[in-house]
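[1] Here is a sequence with its predicted model. Questions after.
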Amino acid sequence: MSIPTTRKPIVSEPMVSEAHLASFDRTMQLMALLETEAQSLREHAYRVTDLATSLAVALRPDDADLAVKVAVGALLHDVGKTTIPTHILNKTSRLEPSEMMVIRCHAAVGATLLQPLIDDKGVLEIVRNHHEHWDGSGYPDKLAGNAISLGARIVSVADAFDAMTSDRPYHRGISSEAALKLLYASSGKAWDPEVVEAISSLYESGRWPRTMV
Ligand SMILES: [Fe+2]
């Protein structure tokens, strides 16, 4: 399957500068390289990108910079997983504590991998902090509340929603409605309540990204 090296940005043209487009092109070149290493991560990355970018636009409609950082950060959020051995990444039985530790390293490892390639602190924060929790119980930095960047809080919710609704080696995907209920159940604990409200509104509004249908 041929992989496109460029992809039109999801945000509307008038919001996007030449610098933003160059950032997208660079990101898609990285994705094309990544896809040969980790094809199983590709579709997840694209769905999370569409959902997270829609959330960013819904939450901050006038902030094109946030939308672009979120789009780039979401595309690359799991790049660190390319360093995880396949037998751990695709394991269907319960993970050993040591294996869980390897999996959990992917957020920090991803940011480290990208640091020399992407000159954007906001994007690197999204990659490093997309598994932080609103109550400080996440990883790798145990940040809480607004200490987690808004971009990372958005990608965290989009990532969780897609993980819940997709079939994985270790579980069958649940319905969108069931996933939204689970997000609400952990709103204010794992997830930023403002982002949980936004994903619910997006789902009910008919502005839901087509890749998520
Ligand atoms: Fe992740």
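    That came through fine. As the structure is a prediction and not an experimental result, all values here were calculated from the model.
[2] What are the boundaries of the helices in this structure?
    For the chain, applying DSSP state H gives helices covering 18-37, 39-59, 64-75, 86-89, 97-104, 106-114, 121-129, 150-165, 176-185, 193-205.
[3] who does the third one touch, helix- and strand-wise?
    Yep, that's helix 64-75 we're talking about. For helix 64-75, the elements it packs on are helix 18-37, helix 39-59, helix 121-129, helix 150-165, judged by 3 or more CB pairs under 8 Å, 6 or more residues apart in numbering; DSSP states H and E. Yep, even glycine has a C-beta here, placed from its N, CA and C like the rest.
[4] how about residue 150, what does it touch?
    Contact analysis of residue 150 by CB atoms under 8 Å, 6 or more residues apart in numbering lists 59-60, 66, 192.
[5] right, I mislabeled it, should have said residue 209
    The contact partners of residue 209, by CB under 8 Å, 6+ apart, come to 47, 50-51, 53-54.
[6] Considering those, which member attains the minimum pLDDT?
    Among the contacts of residue 209, residue 47 carries the lowest pLDDT, at 92.
[7] And it, how far from residue 159?
    Distance, residue 47 to residue 159, by CB to CB, to the nearest Å: 10 Å.
[8] With residue 48 instead?
    Going from residue 48 to residue 159 by CB to CB gives 5 Å.
[9] for residue 199, same thing?
    For residue 199, the distance to residue 159 - CB to CB - is 12 Å.
[10] If you rank every helix and strand of the chain by mean pLDDT, what lands last?
    Within the chain, judged by mean pLDDT, DSSP states H and E, the helix or strand with the poorest mean is helix 18-37; its value is a mean of 65.
[11] Give me the neighbour count for residue 98.
    Close neighbours of residue 98, defined as other CB atoms under 10 Å, add up to 8.
[12] Tell me how far it lies from residue 142.
    Using CB to CB, residue 98 is found at 20 Å from residue 142.
[13] ok, back up a step: report the buried members of the contacts of residue 209.
    Among the contacts of residue 209, those scoring as buried are 47, 50-51, 53-54 (criterion: 16 or more other CB atoms under 10 Å).
[14] which of the contacts of residue 150 sit farthest apart?
    Within the contacts of residue 150, 66 and 192 form the most distant pair, 13.9 Å apart (CB to CB).
[15] Can you list the low-confidence ranges for the protein?
    Residue ranges of the chain with pLDDT under 70: 1-27, 29-40, 210-213.
[16] Repeat the analysis, applying 90 as the threshold.
    1-44, 46, 79-95, 113-119, 167-172, 205-213 (pLDDT under 90).
[17] these two touch, right, residue 81 and residue 41?
    Yes - between residue 81 and residue 41 there is a contact at 5.9 Å, judged by CB atoms under 8 Å.
[18] Between the two, which is the more surrounded one?
    Using other CB under 10 Å as the criterion, residue 81 and residue 41 rank with residue 81 on top: 22 against 18.
[19] wait, what's in contact with that one?
    Each residue near residue 81 by CB under 8 Å, 6+ apart is listed here: 38, 41, 89, 103, 106, 110.
[20] TSV for those residues, including distance to residue 170?
    Output for the contacts of residue 81, formatted as TSV (distance: CB to CB, whole Å):
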residue	distance to residue 170
38	17
41	15
89	11
103	11
106	16
110	21
